[in-house]
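Student: How does the following fold in three dimensions:
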Amino acid sequence: MRVTAFPLRHSGDTILATVAAAVLGCGAVLAAIGAMSGSAVMAVSGSLAAGAALMVLLVAGWVDAVPLLVLSLAAPAPYSSDSLRLAPAAMATAAVVLAWILQRGVDRRAVEMEAVPTRAAAGLLAALVLSAVCAQQLGPAVRELINWTLLLGLLVVVVTELKQAPRRTAKLALLIAAVMGVAGALAVLQGIRVLPGRFLWGASFYRATLGFGWPNELGMFLALGLPFSIHAVGVMRTRRARTLASLGVVANVLGLAATFSRGSWTAVLLGSLVLLFCRERRFVTRVWIAALVGITAIEAVSGGAISDRFTNAQGAWVVGQRLSLMLTGILMFRAHPLVGVGPGGFGASLEEFGPQIFALWDYIGSAHNLYIHMAAETGLIGLVALLVFLGTSLSVLFRGARETVRTSVVSAEEVSLRRALLWSFATACFVGLFEWTFAHGVAQLIILITAMGFALERERA
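Tutor: Numbering: from 1, shown residues only. Now for the predicted structure:
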């Protein structure tokens, strides 16, 4: 969203912007105090006040919405409990989409949808609506439907905004790389117990979680961001900037290691193999050599923490429970093959289908597999719609990366950017074999990557 809608021309605008900024700051502080003290009323009140002030700034166009969303992806929730979690990424998504709609209503600008994958997005949304109508549990279905509607709305917003200013896509990629560097550094501090953590691994390390609350979500987030960190090193023009970007890559890699997320480790390496079909053999070879060197170094410094993650008895029973959850998801799909148990209904349906898997005792509301989870909740129509959406996006990113390598007209910076987008999205598809990828923070990053690819494709066309 460009900061051009309502420039500060009058003193009244300046006063309104100042008041909104002050309310935003006070609301954020109040929400933080409520989170630290465990006061739900204070946390929610502060979040609502900050959200209202942010809406004023966004609708008026005084704050650029998309970078603000990127900065919120890994932020900690102001309040979190077993029944409620105020995810900053979810609130920022709602604010961005609503502000964009209101802004379009005020300035009456036409919405150009040529670059948006309308058929794939509309098909996915239609499948989710049909599944929600037939859901076993109405509450979770409505909540999940709202989440998906906001995510697909975010796709429309980002694509339409980026294609109007092509240079913003490159800047957004560098901002993602910067966020990954900071998040990776904080993850390392959490892993070595400088910052408090919840998931203790072994005798020396915590599994880093940051604002996601779970290590696997942070692992997916850092895995999707690693291609952008590497991209930033290649496009920096000064020695100081390249050094800083290189430190960002190191922090990203170490932070990813600190999550101890085996699925994320595997997915980011498998995702790079897609680049082989774009004539990027040298790049892929360098990635794998660097990965082997990095694994060896981290293994030596950490005293065998990486190998222990794969061979430890705790890791073995975790794998067993995940396989049991996948089997439970398959049972749900068999019982409701067409429309599933309903969006968001996997956790509630575990009470019915979980006892049929005798080895399952760790009841978690996720099948730990994107595709099985989607099939269990939305049936065949939802799974097909998701695969069409992912396949459409992947084909656009793949075509863009392949064509830029073949031509000599495109700059090296754009080749690097398209390579990073394809690698990151392929990583998201592979990590779906091990996790539910559309958790808040990670889901928004996937949508941003998709939107950047479609915006660049529209510019190339």
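
Student: Please enumerate the strands of the protein.
Tutor: In the chain, the strands defined using DSSP state E lie at 199-201, 205-207.

Student: ok, and which of those strands has the densest surroundings?
Tutor: strand 205-207 (a mean of 23; mean count of other Cβ atoms under 10 Å). C-beta coordinates here come from the backbone N, C-alpha and C atoms, glycine included.

Student: distance of the closest residue to residue 385 other than its chain neighbours from residue 413?
Tutor: Nearest non-adjacent residue to residue 385, counting by Cβ to Cβ, 6 or more residues apart in numbering: residue 127, 3.9 Å away. Distance of residue 127 to residue 413, given as Cβ to Cβ, to the nearest Å: 38 Å.

Student: Could you check which of the two is surrounded by more residues?
Tutor: A count of neighbours by other Cβ atoms under 10 Å puts residue 127 above the other of residue 127 and residue 413, at 26 against 14.

Student: right, and the more buried one touches residue 382 too?
Tutor: Yes - in terms of Cβ atoms under 8 Å, residue 127 counts as a neighbour of residue 382; the distance is 4.6 Å.

Student: Enumerate the positions of the longest helix seen in the chain that are buried.
Tutor: Using DSSP state H to define each element, the chain has its longest helix at helix 370-406. Using 16 or more other Cβ atoms under 10 Å as the test for burial, helix 370-406 gives 370-379, 381-386, 388-390, 392-394, 396-402, 404-405.

Student: Now do the contacts for residue 362.
Tutor: 321, 325 (Cβ atoms under 8 Å, 6 or more residues apart in numbering).

Student: before we move on, what about the one 10 residues further on?
Tutor: If a contact means Cβ under 8 Å, 6+ apart, then residue 372 has 326, 329-330, 333 as its contacts.

Student: just for the stretch 201-350 of the chain, where's the confidence low?
Tutor: 202-203, 313-315 (pLDDT under 70).

Student: try the stretch 51-200 of the chain
Tutor: Ranges of the stretch 51-200 of the chain meeting pLDDT under 70: 79-84, 106-112.

Student: What segments of the stretch 151-300 of the chain are helices?
Tutor: In order along the chain, the stretch 151-300 of the chain carries the following helices (DSSP state H, counting those that start in this stretch): 167-191, 215-235, 239-258, 262-272, 281-301.

Student: Which residues does the fourth one contact?
Tutor: Going back to what we said before, that points to helix 262-272. For helix 262-272, contacts defined as Cβ under 8 Å, 6+ apart pick out 216, 219-220, 222-223, 226-227, 256-257, 284, 287-288, 291, 309-310, 315, 423-431, 433-435.

Student: 6 Å - rerun?
Tutor: Contacts to helix 262-272, defined as Cβ atoms under 6 Å, 6 or more residues apart in numbering, come from residues 219-220, 223, 226, 284, 287, 423, 426-427, 430-431, 434-435.

Student: one step back: I'd like to know how far the residue nearest to residue 385 sits from residue 302.
Tutor: Distance, residue 127 to residue 302, using Cβ to Cβ: 44 Å.

Student: go on, residue 246?
Tutor: For residue 246, the distance to residue 302 - Cβ to Cβ - is 21 Å.

Student: In terms of neighbours, single out the busier of the two.
Tutor: Using other Cβ under 10 Å as the criterion, residue 246 and residue 302 rank with residue 302 on top: 19 against 16.

Student: Verify the contact between residue 158 and residue 451 for me.
Tutor: Yes - counting by Cβ atoms under 6 Å, residue 451 is a contact partner of residue 158 at 3.6 Å.

Student: ok, now which ones touch residue 443?
Tutor: By Cβ under 6 Å, 6+ apart, the contact set of residue 443 is residue 151.

Student: for residue 75, same thing?
Tutor: 88, 211.

Student: for residue 128, same thing?
Tutor: The contact partners of residue 128, by Cβ under 6 Å, 6+ apart, come to 145, 148, 343.

Student: Name the member of those with the most neighbours.
Tutor: residue 343 (27 neighbours).

Student: Grab the nearest non-local neighbour of that one.
Tutor: Nearest to residue 343 is residue 144, by Cβ to Cβ, 6+ apart, at 3.6 Å.

Student: any idea how far the one you found is from residue 297?
Tutor: Residue 144 is 42 Å from residue 297, by Cβ to Cβ.

Student: So which of those two has more stuff around it?
Tutor: Higher neighbour count among residue 144 and residue 297: residue 144, with 22 against 11, using other Cβ under 10 Å.

Student: That one against residue 344, yeah?
Tutor: Yes - judged on Cβ under 6 Å, residue 144 makes contact with residue 344 at a distance of 3.4 Å.

Student: Number of residues surrounding residue 307?
Tutor: Using other Cβ under 10 Å, residue 307 has 12 other residues around it.

Student: which non-adjacent residue is nearest it?
Tutor: residue 299 (6.2 Å).

Student: Any idea how many residues pack against that neighbour?
Tutor: Residue 299: 15 neighbours (other Cβ under 10 Å).

Student: In this model residue 306 seems to touch it, though I could be wrong.
Tutor: Yes - Residue 299 is within contact range of residue 306, at 4.9 Å (criterion: Cβ under 6 Å).

Student: and of the contacts of residue 128, the nearest to residue 175?
Tutor: Taking Cβ to Cβ as the measure, residue 175 lies nearest residue 148 of the contacts of residue 128, at 25.1 Å.

Student: I'd like to know how far that closest one sits from residue 90.
Tutor: As judged by Cβ to Cβ, residue 148 and residue 90 stand 12 Å apart.

Student: swap in residue 137?
Tutor: Taken as Cβ to Cβ, the span from residue 137 to residue 90 is 20 Å.
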